[in-house]
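1. Make a model of this:
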Amino acid sequence: MKILKAQIVAEFLFVLSILALISLIIYVIYGGQRINVAQIDDNLKSARNAYALSAAINYVHLAGEGAQYNFTLSGKDDNEVMTISNFTVQSNRTNSISQAPLLNRNINTSEVHGGEMIIKNNNGEIEIEQ
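-> Numbering: from 1, shown residues only. Take a look at the predicted model:
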(Lines give C-alpha, C1' and ligand atoms only; values in the text may rest on other atoms or scores of the structure.)
Protein backbone atom coordinates (compact mmCIF):
# COMPACT_ATOMS: atom_id res chain seq x y z
CA MET A 1 0.00 0.00 0.00
CA LYS A 2 2.87 2.47 0.76
CA ILE A 3 4.38 1.92 -2.69
CA LEU A 4 1.08 2.94 -4.28
CA LYS A 5 0.91 6.16 -2.23
CA ALA A 6 4.48 7.11 -3.20
CA GLN A 7 3.67 6.52 -6.85
CA ILE A 8 0.54 8.71 -6.64
CA VAL A 9 2.51 11.53 -4.96
CA ALA A 10 5.24 11.34 -7.63
CA GLU A 11 2.67 11.42 -10.45
CA PHE A 12 0.87 14.34 -8.80
CA LEU A 13 4.13 16.32 -8.49
CA PHE A 14 4.99 15.55 -12.13
CA VAL A 15 1.58 16.76 -13.36
CA LEU A 16 1.77 19.81 -11.11
CA SER A 17 5.23 20.75 -12.44
CA ILE A 18 4.02 20.36 -16.05
CA LEU A 19 1.04 22.65 -15.30
CA ALA A 20 3.35 25.21 -13.68
CA LEU A 21 5.65 25.11 -16.73
CA ILE A 22 2.72 25.60 -19.12
CA SER A 23 1.46 28.50 -17.00
CA LEU A 24 4.91 30.12 -17.06
CA ILE A 25 5.13 29.80 -20.86
CA ILE A 26 1.66 31.34 -21.31
CA TYR A 27 2.57 34.20 -18.94
CA VAL A 28 5.79 34.98 -20.84
CA ILE A 29 3.98 34.95 -24.20
CA TYR A 30 1.17 37.14 -22.83
CA GLY A 31 3.66 39.64 -21.41
CA GLY A 32 5.46 39.90 -24.75
CA GLN A 33 2.20 40.45 -26.61
CA ARG A 34 1.19 43.18 -24.15
CA ILE A 35 4.42 45.02 -24.94
CA ASN A 36 3.74 44.65 -28.68
CA VAL A 37 0.25 46.08 -28.26
CA ALA A 38 1.63 49.08 -26.35
CA GLN A 39 4.20 49.76 -29.07
CA ILE A 40 1.61 49.43 -31.85
CA ASP A 41 -0.72 51.78 -29.97
CA ASP A 42 2.08 54.34 -29.61
CA ASN A 43 2.93 54.02 -33.31
CA LEU A 44 -0.71 54.51 -34.37
CA LYS A 45 -1.12 57.60 -32.16
CA SER A 46 2.08 59.07 -33.57
CA ALA A 47 0.97 58.47 -37.17
CA ARG A 48 -2.52 59.85 -36.45
CA ASN A 49 -1.13 63.12 -35.10
CA ALA A 50 1.42 63.56 -37.90
CA TYR A 51 -1.16 62.93 -40.62
CA ALA A 52 -3.80 65.10 -38.96
CA LEU A 53 -1.47 68.10 -38.82
CA SER A 54 -0.17 67.41 -42.31
CA ALA A 55 -3.71 67.22 -43.72
CA ALA A 56 -4.66 70.52 -42.06
CA ILE A 57 -1.57 72.31 -43.41
CA ASN A 58 -2.05 70.84 -46.89
CA TYR A 59 -5.73 71.84 -46.84
CA VAL A 60 -4.82 75.47 -46.14
CA HIS A 61 -2.11 75.39 -48.82
CA LEU A 62 -4.51 74.01 -51.45
CA ALA A 63 -7.28 76.43 -50.48
CA GLY A 64 -5.08 79.29 -51.67
CA GLU A 65 -4.22 82.82 -50.65
CA GLY A 66 -6.07 84.09 -47.59
CA ALA A 67 -7.31 80.66 -46.46
CA GLN A 68 -7.52 80.12 -42.73
CA TYR A 69 -8.29 77.00 -40.69
CA ASN A 70 -8.93 76.66 -36.96
CA PHE A 71 -7.33 73.33 -36.07
CA THR A 72 -7.14 71.44 -32.78
CA LEU A 73 -4.45 68.82 -32.26
CA SER A 74 -6.08 67.05 -29.34
CA GLY A 75 -4.26 63.71 -29.26
CA LYS A 76 -0.78 65.03 -28.52
CA ASP A 77 0.85 63.70 -25.35
CA ASP A 78 3.25 65.64 -23.15
CA ASN A 79 6.15 63.38 -24.19
CA GLU A 80 5.43 63.82 -27.92
CA VAL A 81 7.43 66.27 -30.03
CA MET A 82 5.89 67.46 -33.31
CA THR A 83 8.35 69.05 -35.74
CA ILE A 84 7.98 70.48 -39.23
CA SER A 85 10.88 70.38 -41.65
CA ASN A 86 11.37 70.14 -45.42
CA PHE A 87 8.07 68.79 -46.73
CA THR A 88 7.37 66.63 -43.63
CA VAL A 89 5.59 66.68 -40.32
CA GLN A 90 7.33 64.40 -37.85
CA SER A 91 5.88 63.07 -34.61
CA ASN A 92 8.38 61.69 -32.07
CA ARG A 93 6.91 59.67 -29.23
CA THR A 94 8.56 57.43 -26.66
CA ASN A 95 8.46 54.27 -28.77
CA SER A 96 7.82 55.52 -32.30
CA ILE A 97 8.51 58.11 -34.95
CA SER A 98 6.04 58.88 -37.73
CA GLN A 99 6.21 61.22 -40.69
CA ALA A 100 3.57 62.68 -42.98
CA PRO A 101 4.13 64.60 -46.24
CA LEU A 102 3.58 68.32 -46.81
CA LEU A 103 2.92 70.12 -50.09
CA ASN A 104 4.58 73.38 -49.00
CA ARG A 105 7.89 73.85 -47.21
CA ASN A 106 7.36 77.56 -46.45
CA ILE A 107 6.07 77.32 -42.89
CA ASN A 108 6.79 79.89 -40.18
CA THR A 109 7.43 77.40 -37.37
CA SER A 110 9.46 74.26 -36.88
CA GLU A 111 7.74 72.85 -33.76
CA VAL A 112 4.05 72.52 -32.99
CA HIS A 113 2.52 72.26 -29.52
CA GLY A 114 -0.78 70.51 -28.98
CA GLY A 115 -4.11 72.21 -28.61
CA GLU A 116 -5.80 74.87 -30.68
CA MET A 117 -4.02 76.69 -33.48
CA ILE A 118 -4.86 78.82 -36.49
CA ILE A 119 -3.27 77.83 -39.79
CA LYS A 120 -3.20 80.60 -42.43
CA ASN A 121 -2.05 80.87 -46.03
CA ASN A 122 -0.32 84.24 -46.42
CA ASN A 123 0.99 84.67 -50.01
CA GLY A 124 1.91 80.99 -50.23
CA GLU A 125 3.60 80.91 -46.83
CA ILE A 126 1.85 78.85 -44.17
CA GLU A 127 1.60 80.59 -40.80
CA ILE A 128 0.73 78.63 -37.68
CA GLU A 129 -0.45 80.66 -34.70
CA GLN A 130 -0.41 78.64 -31.48
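2. Could you look up the SS state of Leu13?
-> Recorded secondary structure, Leu13: helix (DSSP: H, G, I helix; E, B strand; the rest coil).
3. Can you check the pLDDT for it?
-> Reading off the confidence values, Leu13 has pLDDT 89.
4. Give me the distance between it and Gln7.
-> In this view, Leu13 and Gln7 are 11 Å apart by CB to CB, to the nearest Å. In short, each C-beta sits where N, CA and C put it, glycine included.
5. I'd like to know how many residues surround Gly114.
-> For Gly114, the count of nearby residues is 17 (other CB atoms under 10 Å).
6. likewise Gln130?
-> Using other CB under 10 Å, the number of residues around Gln130 comes to 13.
7. out of everything not next to it in sequence, what's closest to Asn86?
-> Spatial nearest neighbour of Asn86, chain neighbours left out: Arg105 (5.3 Å); criterion: CB to CB, 6 or more residues apart in numbering.
8. What separation is there between the one you found and Ala67?
-> On the measure of CB to CB, Arg105 and Ala67 end up 17 Å apart.
9. quick one, phi psi at the residue nearest to Asn86?
-> Backbone dihedrals for Arg105, given as degrees, to the nearest 10, come out at phi -100, psi -10.
10. my read: it touches His61, true?
-> No. Assessed by CB atoms under 8 Å, Arg105 is found out of contact with His61, at 10.2 Å.
11. you'd agree Ala55 is in a helix?
-> Yes. Applying three-state DSSP, one finds Ala55 inside a helix.
12. Contacts only, for it.
-> Residues near Ala55 by CB atoms under 8 Å, 6 or more residues apart in numbering: Ala100.
13. Point out where the protein drops to low pLDDT.
-> Scanning the chain for pLDDT under 70 picks out 1-6.
14. can you map out the strands along it?
-> 68-73, 81-85, 88-92, 97-101, 111-112, 115-122, 125-129 (DSSP state E).
15. on that earlier part again, more crowded one of Arg105 and Ala67?
-> Set Arg105 next to Ala67 and count neighbours by other CB under 10 Å: Ala67 wins out with 15 against 12.
16. Enumerate every residue touching that one.
-> Here Ala67 is in contact with 59-60, 120-121 (CB under 8 Å, 6+ apart).
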